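J.: What shape does this take:
(one chain, ligands or ions: 1)
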Amino acid sequence: MLNLSDLIDNNRRWAAGVERREPGFFDRLSRQQAPRYLWIGCADSRVPANEIVGLLPGELFVHRNVANLVVHSDLNCLSVLQYAVEVLRVEHVIVCGHYGCGGVEAAWKRTPFGLIDNWLRHVQDIVERNRTLFTRTMTDAQSADRLCELNVLEQASNVCRTTIVQDAWRRGQPLAVHGWIYRLRNGLIRDLGLNVSRENTLDAERERALRALMAAEMPRETPPASAAIEGGKR
Ligand code: CO
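T.: Next comes the predicted model:
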């Protein structure tokens with residue numbers, strides 16, 4: 001196991017390597033940041049934002065919390081969003097959840113972990129509001145997968161509903177909000193098809209994304225062996 005001094009050593013090697021490949025990289029970066037994307041993702045250590053989309057320091061503005069939630073009164077998340085949209089003027093906000101999310105699973109199974117249960121209550125609320133999307137034929141794993149997907153659509157919708165994004169659209173600022181989900185088992189991102197770039201299109205986009213999600217999941221009702229394996233992959 002690495003101890004802390006190993007981390008500092010790693011850092012020295014990393015910085016030297018970057019500088020060797022691209023002399024002056026840090027000096028240039030220290031003068032300004034101009035990322036085009038804001039990433040809102042889970043705090044999970046297995047979903048490192050920059051790495052999985054192949055972006056360098058300076059290219060991605062990042063906010064992460066447990067279960068990638070966008071809560072309307074969370075000043076931390078709202079401040080990141082406001083700075084990204086109004087100061088950095090990012091063009092895309094990506095809400096990226098992931099299958100196998102411990103926070104979402106705890107919410108689904110109502111496993112008590114303490115204070116965090118109150119945070120995850122927001123995810124349980126999604127279940128209450130979408131009872132019909134969880135059928136009796138679904139396994140626990142399939143239900144948790146579906147909740148991970150619905151959670152992305154919900155949080156991306158919350159981004160669209162903020163005064164920050166609404167105001168940007170009214171000003172005519174180019175800004176699109178997207179919902180993605182990452183699979184730990186294969187390292188691949190799936191676009192859930194929610195792409196909102198204008199005021200008043202959220203409901204239609206959300207409906208479309210939901211329908212696509214349900215259509216894609218239909219084979220799960222009578223899964224052949226291969227689909228059953230895929231369904232269990234997270
Ligand atoms: Co997670």
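J.: longest helix anywhere in the protein?
T.: helix 140-161 (DSSP state H).
J.: That one and the ion, any residue contact?
T.: No - legend: contact between helix 140-161 and the ion by Cβ under 5 Å from the ion is lacking; minimum distance shown is 8.2 Å. All C-beta spots, glycine's among them, are computed from the backbone N, C-alpha and C.
J.: Quickly find the element holding the residue positioned nearest the centre of the chain.
T.: By Cα atoms, centre = their mean, the chain has its centre lying nearest to C96, at 1.9 Å. Using DSSP states H and E, C96 sits in strand 92-98.
J.: who does that strand touch, helix- and strand-wise?
T.: Applying 3 or more Cβ pairs under 8 Å, 6 or more residues apart in numbering; DSSP states H and E, one finds that strand 92-98 makes contact with strand 37-42, helix 140-161, strand 176-183.
J.: List the buried residues for the helix or strand just after the last one?
T.: Read it as strand 176-183. The first helix or strand that comes after strand 176-183 along the chain, using DSSP H and E, is strand 188-196. Across strand 188-196, burial judged by 16 or more other Cβ atoms under 10 Å covers 192-196.
J.: Enumerate the residues of this structure near the ion.
T.: That would be 42, 44, 101, which are the residues of the chain within reach of the ion (Cβ under 5 Å from the ion).
J.: so how far is G41 from the residue nearest to the centre of the chain?
T.: Remark: distance between C96 and G41 (Cβ to Cβ, to the nearest Å) = 5 Å.
J.: tell me, what's touching those two both at once?
T.: Listed as contacting both C96 and G41 by Cβ atoms under 8 Å, 6 or more residues apart in numbering are 47, 49, 68.
J.: among those residues, which are in helices?
T.: Using DSSP H, the subset of the shared contacts of C96 and G41 located in helices is A49.
J.: Of the shared contacts of C96 and G41, just the buried ones, ChimeraX syntax please.
T.: In ChimeraX, a selection of the buried entries from the shared contacts of C96 and G41 looks like this (16+ other Cβ under 10 Å):
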select :47,49,68
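J.: need the contact list for A176.
T.: Contacts of A176 (Cβ under 8 Å, 6+ apart): 91-93, 195-197.
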